[in-house]
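Student: with the sequence up front, the predicted model follows.
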Amino acid sequence: MLGFVGRVAATSASGALRGLGSSAPLPQAQVLLRATPAALQSARDYVAQTSPSPKAGAATGRIVAVIGAVVDVQFDEGLPPILNALEVQGRETRLVLEVAQHLGESTVRTIAMDGTEGLVRGQKVLDSGAPIKIPVGPETLGRIMNVIGEPIDERGPIKTKQFAPIHAEAPEFMEMSVEQEILVTGIKVVDLLAPYAKGGKIGLFGGAGVGKTVLIMELINNVAKAHGGYSVFAGVGERTREGNDLYHEMIESGVINLKDATSKVALVYGQMNEPPGARARVALTGLTVAEYFRDQEGQDVLLFIDNIFRFTQAGSEVSALLGRIP
């Protein structure tokens, strides 16, 4: 089952993150994803493929309007469903758009996962036929990826055999486990005064420089050594400097090993300089990576999200861009 940790409370199931709306500021979050029976797994399709690029024969559209991070795309036929990923053609870097609204019978309104500088009306767009897909599997351990699964650690491509969509149906409420079990962290003061429940959520509250990151590093180390489990860290709207510092601290502590395949943590970053669409989806990317280890490998997984407030804030920004009530 998934376990959740970070600097504010989060959730232990897919549906909780996907249904999280705007709320009061929260710190970092943490959850434990516990290995569960098939009935408790998310309804996620793991696809064996080498690339998430659109297939031949995909529906083709053209850009008709660009308003900041919002891009309107017109299709002559085959209107893409909501949440489908579209790819802009004719660019040096990959730009993914996610369908957010249908405008009439032939046009969709999308949110860009990266900057829209250089886009022009009439530019070709391909429908991928599925939601955003990211690489999953042991190959993601020790690597840093962005919201669309591209590596950003300058260590080459992530050579994985499987991809998974970031959107999936959550388990039915009646199917969820009610079993309670304590996660032994190995940190005596935590286990005595504030024990963590497997499959639950924990918020780490505290000011700057009091040791929240140090506690996170200890949890990752102890879960890896005592339980043989993995951890996933999703940086949602955090500062670029903080993300870089955390990565190097993990290398120094041995949590990430650049020389062999013994790393115990995967990092997913959608930092403060990213568009709101990327910050609103990067938590789901991290959740997808974590759920693979739970569903396919039966591992206990500790999922950290730093931080939940910026996740809800990004959702409010996207709603405002689309003209909805945040």
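Tutor: Thanks, I have it.
Student: low-confidence regions, this structure specifically.
Tutor: Applying pLDDT under 70 to the chain flags the ranges 1-43, 49-57.
Student: output the longest helix belonging to it.
Tutor: helix 276-297 (DSSP state H).
Student: packing partners for the helix or strand following it?
Tutor: Later in the chain than helix 276-297, the nearest helix or strand by DSSP states H and E is strand 301-306. Contact partners of strand 301-306 among helices and strands, from 3 or more C-beta pairs under 8 Å, 6 or more residues apart in numbering; DSSP states H and E: strand 2-6, strand 28-33, helix 212-227, strand 230-236, helix 276-297. For the C-beta atoms, the positions are set from N, CA and C on the backbone; glycine is no exception.
Student: re the thing from before, any buried residues in the longest helix of the chain, and which?
Tutor: 276-295 (16 or more other C-beta atoms under 10 Å).
Student: closest one to Ile148 among the helices and strands packed on strand 301-306?
Tutor: With distances scored as C-beta to C-beta, the stretch of the helices and strands packed on strand 301-306 nearest to Ile148 is helix 276-297 (7.8 Å).
Student: so how far is the closest one from its chain's centroid?
Tutor: Relative to its chain's centre, helix 276-297 lies at 3 Å (C-alpha atoms, centre = their mean, to the nearest Å).
Student: returning to what we had before: nearest approach to Ser316 belongs to which of the helices and strands packed on strand 301-306?
Tutor: helix 276-297 (8.6 Å).
Student: then the closest one to PDB, C-alphas only?
Tutor: The C-alpha trace of helix 276-297 is given here as PDB (Å, rounded to 0.1, in the frame of the first residue of the first chain):
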ATOM      1  CA  PRO A 276       0.800  25.800 -13.400                       C
ATOM      2  CA  GLY A 277      -0.200  22.800 -15.500                       C
ATOM      3  CA  ALA A 278       3.100  21.000 -14.700                       C
ATOM      4  CA  ARG A 279       2.900  21.800 -11.000                       C
ATOM      5  CA  ALA A 280      -0.700  20.500 -10.900                       C
ATOM      6  CA  ARG A 281       0.200  17.200 -12.500                       C
ATOM      7  CA  VAL A 282       3.700  16.400 -11.100                       C
ATOM      8  CA  ALA A 283       2.100  14.900  -7.900                       C
ATOM      9  CA  LEU A 284       0.200  12.400 -10.000                       C
ATOM     10  CA  THR A 285       3.500  11.600 -11.800                       C
ATOM     11  CA  GLY A 286       5.100  10.800  -8.500                       C
ATOM     12  CA  LEU A 287       2.100   8.800  -7.400                       C
ATOM     13  CA  THR A 288       2.200   6.700 -10.600                       C
ATOM     14  CA  VAL A 289       5.900   5.900 -10.100                       C
ATOM     15  CA  ALA A 290       5.100   4.800  -6.500                       C
ATOM     16  CA  GLU A 291       2.000   2.800  -7.400                       C
ATOM     17  CA  TYR A 292       4.100   0.700  -9.900                       C
ATOM     18  CA  PHE A 293       6.400  -0.600  -7.100                       C
ATOM     19  CA  ARG A 294       3.300  -1.300  -5.000                       C
ATOM     20  CA  ASP A 295       1.100  -3.000  -7.700                       C
ATOM     21  CA  GLN A 296       3.700  -4.800  -9.800                       C
ATOM     22  CA  GLU A 297       6.600  -5.500  -7.400                       C
END
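Student: let the chain start at 303 from now.
Tutor: I'll keep to 303 as the first residue from here, and by that count the last item is helix 578-599.
Student: next, the angle strand 603-608 makes with that helix.
Tutor: Helix 578-599 runs at 170 degrees relative to strand 603-608, counting by axes from the mean of the first three to the mean of the last three C-alpha atoms, to 10 degrees.
Student: what inclination does helix 578-599 have with respect to strand 532-538?
Tutor: Using the same axes, to 10 degrees, helix 578-599 lies at 170 degrees relative to strand 532-538.
Student: tell me where the stretch 303-452 of the chain has strands.
Tutor: In the stretch 303-452 of the chain, the strands defined using DSSP state E, counting those that start in this stretch lie at 304-308, 330-335, 349-350, 362-369, 372-377, 387-390, 398-405, 409-414, 426-429, 435-438, 446-447.
Student: I figured Ser430 was touching Val390, is that so?
Tutor: No. Assessed by C-beta atoms under 8 Å, Ser430 is found out of contact with Val390, at 11.5 Å.
Student: now tabulate the strands of the stretch 303-452 of the chain in JSON lines and tack on mean neighbour count and distance to Thr487.
Tutor: JSON lines is the format used below for those (neighbours: other C-beta atoms under 10 Å; distance: least, C-beta to C-beta, whole Å):
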{"stretch": "strand 304-308", "mean neighbour count": "31", "distance to Thr487": "10"}
{"stretch": "strand 330-335", "mean neighbour count": "29", "distance to Thr487": "10"}
{"stretch": "strand 349-350", "mean neighbour count": "11", "distance to Thr487": "35"}
{"stretch": "strand 362-369", "mean neighbour count": "17", "distance to Thr487": "47"}
{"stretch": "strand 372-377", "mean neighbour count": "21", "distance to Thr487": "43"}
{"stretch": "strand 387-390", "mean neighbour count": "24", "distance to Thr487": "38"}
{"stretch": "strand 398-405", "mean neighbour count": "21", "distance to Thr487": "37"}
{"stretch": "strand 409-414", "mean neighbour count": "22", "distance to Thr487": "38"}
{"stretch": "strand 426-429", "mean neighbour count": "21", "distance to Thr487": "45"}
{"stretch": "strand 435-438", "mean neighbour count": "26", "distance to Thr487": "26"}
{"stretch": "strand 446-447", "mean neighbour count": "23", "distance to Thr487": "25"}
